[in-house]
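1. Coordinates for the following, if possible.
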Amino acid sequence: MIIDSGSSEVTVTSELCTNCNSKKYRPGLSHTTFNTGEYYELDYNYDQIMLKVIEFKDDVCVLGNCNPKFTFFTVFEQKNLPVGADGIFGVGTKAASGPSFLIEMAE
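-> Residues are numbered from 1 along each chain as shown. Below you'll find the predicted structure:
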């Protein structure tokens, strides 16, 4: 994962991605996942990395703290995502294009 302090959303590569080197998230393996059907195009690092994503909701737990139906994005097409990167983990607190992971987990 790439840690990004300039964004707040969580994006992860998935089996839905047509040109990703990594495909970490497999929605079919989760009984709680929900595809919202919302599509977005996200740009990072001054438009050097472009991700076409689908919004999903799923139960996310970190160190025993769970957030049911957390909103995140799965990548279905990418441009310039570095080899070996499984996605982008936004640690910013301002929700620009998606929910802030840090704020939602704190609540």
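
2. And the strands in the protein?
-> For the chain, the strands defined by DSSP state E occupy 2-4, 10-13, 34-44, 49-62, 65-79, 87-90.

3. Make TSV out of those strands and add mean pLDDT and mean neighbour count.
-> Where you see a C-beta, it was placed from the backbone N, CA and C, and this is true even at glycine. Output for these, formatted as TSV (pLDDT from 0 to 100; neighbours: other Cβ atoms under 10 Å):
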stretch	mean pLDDT	mean neighbour count
strand 2-4	88	14
strand 10-13	92	24
strand 34-44	92	13
strand 49-62	91	18
strand 65-79	89	18
strand 87-90	88	24
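
4. Can you give me the end-to-end span of stretch 6-19?
-> End-to-end distance of stretch 6-19: 25 Å, with Cα to Cα, to the nearest Å as the criterion.

5. scratch that, stretch 3-12
-> End-to-end distance (Cα to Cα), stretch 3-12: 12 Å.

6. How about stretch 70-88?
-> End residues of stretch 70-88 are separated by 16 Å (Cα to Cα).

7. okay, now Q48: neighbour count?
-> Other residues near Q48 come to 10 when the count uses other Cβ atoms under 10 Å.

8. Contact partners for the nearest residue to it once chain neighbours are set aside?
-> Leaving aside its chain neighbours, Q48 sits nearest to N80 (5.6 Å; criterion: Cβ to Cβ, 6 or more residues apart in numbering). N80 sits next to 48-50 when contact means Cβ atoms under 8 Å, 6 or more residues apart in numbering.
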